[in-house]
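Colleague: 3D, please:
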Amino acid sequence: MSFLRRRVLGNSDDKIPTTEPDDADESHNKKQQEYEVVPAGKVNSSGKRKSSKKRNFWIFTLGGIFGVVTAGFFASSNDLIDLKALADVNLDTILEALPASFVQDAQQLQQHEKDAVNYDSFSVGLHARSQGVEATHPVIMIPGVISTGLESWGTEEESRQYFRKRLWGSWSMMRALVLDKASWKRHIMLDKDTGMDPPGIKLRAAQGFDAADFFITGYWIWNKILENLATIGYDPTNAFTAAYDWRMTYMNYEKRDQYFTRLKNHIETAAKISNKKVTLLSHSMGSQVLYYFLHWVEAEGYGNGGPTWVETYVDSWINISGCMLGAVKGLPAVLSGEMKDTAQLNAFAVYGLEKFLSRSERAEIFRAMPGISSMLPIGGNAVWGNATWAPDDKPGQNISYGEFINFKNGNSSISPNRNLTVEDSLDFLLDNAEPWYKKMVLGAYSQGVAHSKKQVEDNQLIPAKWINPLETRLPIAPSLKIYCFYGVGKPTERTYYYRHEADPLSYINVTIDTSVTGGEDNADHGVVMGEGDGTVNLLSSGYMCARGWKIKRYNPGGVQIKTFEMPHEPDRFSPRGGPNTGDHVDILGRASLNDLILRVAGGRGDLINETVVSNILEYSMNVKIYDDE
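Modeller: This next block holds a predicted model:
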């Protein structure tokens with residue numbers, strides 16, 4: 001159904017500043033002048049635009065058709081709709097019922113979009129290749145949640161119908177969720193005691209490029225990066241993906257799948273064959289997984305690589321939209337099964353969603369995927385603020401972001417009689433969650449802060465600390481380079497209004513108070529927005545890069561850190577934001593990001609200037625974490 005999407009790329013420039021001239025280094029200047037970043041205008045010149053009226057007409061009409069089909073999916077209890085019959089409906093069936101002229105124009109739209117996407121993707125790589133950029137370091141990609149498909153390998157009777165079908169990240173997932181929800185839940189949820197596969201169920205992370213390039217057909221994830229890497233000489237012999245089952249706790253990756261052992265061997269083999277150190281490329285949760293791996297691989301009794309392993313094998317780490325200090329939207333997801341995307345739905349949509357997957361079911365599913373809880377906010381009040389202050393409060397802001405969960409109308413013994421900070425909210429979640437969930441989270445993750453060098457060094461031996469960059473340090477690898485690339489300027493969930501849950505049939509005690517809209521903090525249906533990339537808050541994506549890893553106890557080896565922020569400047573005619581988007585996922589298709597990746601992989605990362613356009617430097621200095629050396 002790719003023609004249901006529409007991309008008309010803009011002509012705004014997205015130039016990357018080059019390094020300032022240095023009279024003392026003429027050779028460096030020459031290299032720099034030879035390499036110019038492709039302007040977005042060239043990338044976007046994919047033909048003339050349709051008139052906005054005609055374009056909007058087709059978007060509205062095609063969207064209406066899609067809406068009718070979607071409405072059928074959500075009306076699971078409506079006797080007028082035969083969902084089993086919908087399983088046999090395909091795009092051809094729909095097109096046969098449409099006028100020929102309508103179909104012809106729709107096909108033209110589809111071809112126009114395909115041409116624009118293809119030109120956009122390859123132009124970045126072609127431009128880089130024309131300037132002498134070529135494949136240099138082997139590249140290994142560690143994806144995030146949305147770009148890691150999970151497929152069934154179970155052979156028990158219930159699982160046979162799903163054998164090698166993706167129950168996360170495909171239309172098979174949607175079909176199973178709609179037509180066989182109970183079975184889909186049994187497959188996707190982990191055993192609550194072991195944190196592993198339930199008896200008779202076997203889900204595994206899909207491997208290879210096909211597992212990461214698209215989420216569902218037509219919805220690209222890593223595809224544009226793969227196309228551009230290929231343009232400068234990468235292929236399956238020097239570029240690899242390392243997918244993982246993100247539902248599990250990190251230690252269980254190794255226990256069940258030997259994930260970290262395989263990743264270690266992959267890196268060592270790639271480096272030895274190419275005689276070059278490896279470039280590691282991670283996105284979102286994948287950045288946390290990679291940070292954990294950098295500790296596991298060197299630790300005695302685990303990876304046994306020793307203190308020089310990273311220095312020996314890793315040239316650079318490209319950290320894209322990494323949630324290094326978690327994401328605050330993860331807390332309401334596991335607390336009450338909701339977030340902005342559900343809180344702001346209209347009444348009809350909420351009714352359909354609740355009939356489809358209730359809040360209780362969503363919370364149950366999120367908790368039964370304890371890997372997701374690795375993204376709960378890290379750093380407590382020192383990072384996210386207290387009852388009267390937060391480092392990212394704006395001038396003149398009357399209500400601090402530090403009050404993370406606000407009980408405006410607390411009216412029960414279950415709801416606290418005060419508002420909660422992030423630190424308080426984590427305690428509230430664990431106190432009101434099932435014992436198995438509390439045990440699993442406390443045993444696998446730590447959200448604290450180490451304030452001394454001794455604490456940091458002691459934590460290097462504790463696996464539960466390895467996800468937390470505020471309690472552990474980077475490897476002693478002086479030649480390692482870390483590049484932090486992330487989007488800014490897109491409203492991102494920051495605080496919430498909650499109320500007591502009145503439904504006696506729900507085991508969840510609280511829910512977002514969607515009646516709270518407007519006010520001094522401009523809440524929208526109980527959700528207050530802050531700065532970030534739409535998913536990960538700026539404090540999480542930017543603090544360690546801008547400030548944390550500049551503190552000696554967290555980076556005693558002097559690892560080089562460069563930050564490059566990308567403002568969210570979406571093309572209003574493109575559903576995915578176009579080549580200048582800063583969105584958490586869509587940024588993977590951004591022209592300037594792809595260009596930066598090619599530079600680093602091609603050995604020219606030294607030409608990248610640190611570029612900060614947000615207030616992260618100011619916010620970082622406000623965070624209550626201090627250097628003790």
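Colleague: okay, CA-based contacts and neighbour counts for the rest of this
Modeller: Fine.
Colleague: can you map out the strands along the protein?
Modeller: Assigned by DSSP state E, the chain shows strands spanning 139-142, 150-152, 166-168, 203-205, 239-241, 278-283, 314-320, 405-407, 481-488, 492-500, 510-512, 527-530, 560-567.
Colleague: helices and strands around the second one, which ones?
Modeller: So the one you mean is strand 150-152. Judged by 3 or more Cα pairs under 8 Å, 6 or more residues apart in numbering; DSSP states H and E, strand 150-152 is in contact with strand 166-168, strand 203-205.
Colleague: roughly how far apart are T511 and Y244?
Modeller: 32 Å (Cα to Cα, to the nearest Å).
Colleague: circling back to that earlier point, could you dump the helices and strands packed on strand 150-152 to a markdown table with mean pLDDT?
Modeller: Below are these laid out as a markdown table (pLDDT from 0 to 100):
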| stretch | mean pLDDT |
| --- | --- |
| strand 166-168 | 87 |
| strand 203-205 | 94 |
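Colleague: just the ones you listed: most buried one?
Modeller: Counting by mean count of other Cα atoms under 10 Å, strand 166-168 has the highest mean neighbour count of these, with a mean of 25.
Colleague: show the model's pLDDT score for the closest residue to G200 other than its chain neighbours.
Modeller: Leaving aside its sequence neighbours, G200 sits nearest to E156 (Cα to Cα, 6 or more residues apart in numbering; 6.0 Å). At E156, the model reports a pLDDT of 95.
Colleague: same question for A71.
Modeller: 40.
Colleague: equivalent analysis for the one 5 residues further on, please.
Modeller: Residue-level confidence at S76 comes out at 36, pLDDT.
Colleague: I140 pairs with what?
Modeller: Beta-bridge pairing for I140 (DSSP bridges): F240, L280.
Colleague: tally up the residues packed near it, please.
Modeller: I140 has 21 neighbours, counted by other Cα atoms under 10 Å.
Colleague: how much space between it and G589?
Modeller: Distance from I140 to G589, by Cα to Cα: 18 Å.
Colleague: quick one: residues contacting Y445.
Modeller: When contacts are counted by Cα atoms under 8 Å, 6 or more residues apart in numbering, Y445 touches 374, 464-465, 467.
Colleague: let's see that with 6 Å instead.
Modeller: Contact analysis of Y445 by Cα atoms under 6 Å, 6 or more residues apart in numbering lists A464.
Colleague: got it, and the one 4 residues further on?
Modeller: For V449, the contact set (Cα under 6 Å, 6+ apart) comprises 379, 470-471.
Colleague: between these, which is nearest D606?
Modeller: Distance to D606 across the contacts of V449 (Cα to Cα) is lowest for L470, with 26.9 Å.
Colleague: pLDDT score for the closest one?
Modeller: Note for L470: predicted pLDDT of 98.
Colleague: residues making contact with stretch 319-338?
Modeller: Residues contacting stretch 319-338 (Cα under 6 Å, 6+ apart): 282-284, 287, 339, 359, 362-363, 366-367, 375-378, 429, 483-486, 511, 536, 540-541.
Colleague: and that stretch, end to end?
Modeller: Using Cα to Cα, the end-to-end distance of stretch 319-338 comes to 28 Å.
Colleague: and it, how far out from the chain's middle?
Modeller: Here stretch 319-338 is found 9 Å from its chain centre; the criterion is Cα atoms, centre = their mean, to the nearest Å.
Colleague: show me which positions of it end up buried.
Modeller: The neighbour-count check on stretch 319-338 (16 or more other Cα atoms under 10 Å) flags 319-338 as buried.
Colleague: now, the residues you listed that are in helices?
Modeller: Among the buried residues of stretch 319-338, the residues falling in helices (DSSP state H) are 330-336.
Colleague: so N622 versus Y486, what's the distance?
Modeller: With distances taken as Cα to Cα, N622 is found 21 Å from Y486.
Colleague: who has more neighbours, the two?
Modeller: It is Y486, of N622 and Y486, that has more neighbours when counted by other Cα under 10 Å, with 30 against 17.
Colleague: just list whatever residues bridge to the more buried one.
Modeller: Beta-bridge partners of Y486, counted by DSSP bridges, are E565.
Colleague: that one touches E565, doesn't it?
Modeller: Yes. If you go by Cα atoms under 6 Å, Y486 and E565 touch, sitting 5.4 Å apart.
Colleague: quick one on the thing from earlier: ok, of the strands of the chain, where does mean pLDDT dip lowest?
Modeller: Set side by side, these give their lowest mean pLDDT on strand 166-168, at a mean of 87.
Colleague: elements contacting that one?
Modeller: Here strand 166-168 touches strand 150-152, going by 3 or more Cα pairs under 6 Å, 6 or more residues apart in numbering; DSSP states H and E.
Colleague: just how off-centre is the strand it packs on within its chain?
Modeller: With Cα atoms, centre = their mean as the basis, strand 150-152 stands 20 Å off its chain's centre.
Colleague: same question for stretch 252-264.
Modeller: 21 Å.
Colleague: now stretch 279-298
Modeller: Distance, stretch centre to chain centre, for stretch 279-298: 14 Å (Cα atoms, centre = their mean).
Colleague: so the protein: which segments form each domain?
Modeller: For the chain, the TED database gives the domain ranges 114-146+206-622, 150-205.
Colleague: most tightly surrounded among those?
Modeller: Among the domains of the chain, domain 114-146+206-622 has the highest mean neighbour count (mean count of other Cα under 10 Å), at a mean of 20.
Colleague: save the ones in helices among the buried residues of stretch 319-338 as CSV, and put in pLDDT too.
Modeller: Shown next, in CSV, are these (pLDDT from 0 to 100):
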residue, pLDDT
G330, 93
L331, 95
P332, 93
A333, 92
V334, 93
L335, 93
S336, 91
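Colleague: which of those lies closest to R175?
Modeller: Among these, A333 lies closest to R175 (Cα to Cα), at 23.4 Å.
Colleague: do you know how far that closest one is from P475?
Modeller: Distance, A333 to P475, using Cα to Cα: 33 Å.
Colleague: what's the answer for T517, then?
Modeller: Relative to P475, T517 is positioned 46 Å away (Cα to Cα).
Colleague: now swap in L294 and tell me
Modeller: Separation of L294 from P475 (Cα to Cα) stands at 7 Å.
Colleague: if I look at A299, what pLDDT would I see?
Modeller: Confidence for A299, expressed as pLDDT, is 97.
Colleague: can you check G443 too?
Modeller: Confidence at G443, expressed as pLDDT, is 95.
Colleague: and for S479?
Modeller: Here the pLDDT value assigned to S479 is 97.
Colleague: ok, K465 touching A444?
Modeller: No. Applying Cα under 6 Å, one finds K465 not in contact with A444, separated by 8.3 Å.
Colleague: one step back: and of the helices and strands packed on strand 150-152, who's closest to Y234?
Modeller: For Y234, the closest of these is strand 203-205, at 23.3 Å, according to Cα to Cα.
Colleague: now what about the closest one, what contacts it?
Modeller: The contact list for strand 203-205, computed with Cα under 6 Å, 6+ apart, reads 149-153, 244-245.
Colleague: just how off-centre is it within its chain?
Modeller: Chain-centre distance of strand 203-205: 19 Å, with Cα atoms, centre = their mean.
Colleague: pairing partners for it, with directions?
Modeller: Strand 203-205 sits in its sheet next to strand 150-152 (antiparallel), going by DSSP bridges.
Colleague: would you list the phi and psi of the residue nearest the centre of the chain?
Modeller: In the chain, the residue lying closest to the centroid (Cα atoms, centre = their mean) is S284, at 3.5 Å. Per-residue torsions, S284: phi 60, psi -120 (degrees, to the nearest 10).
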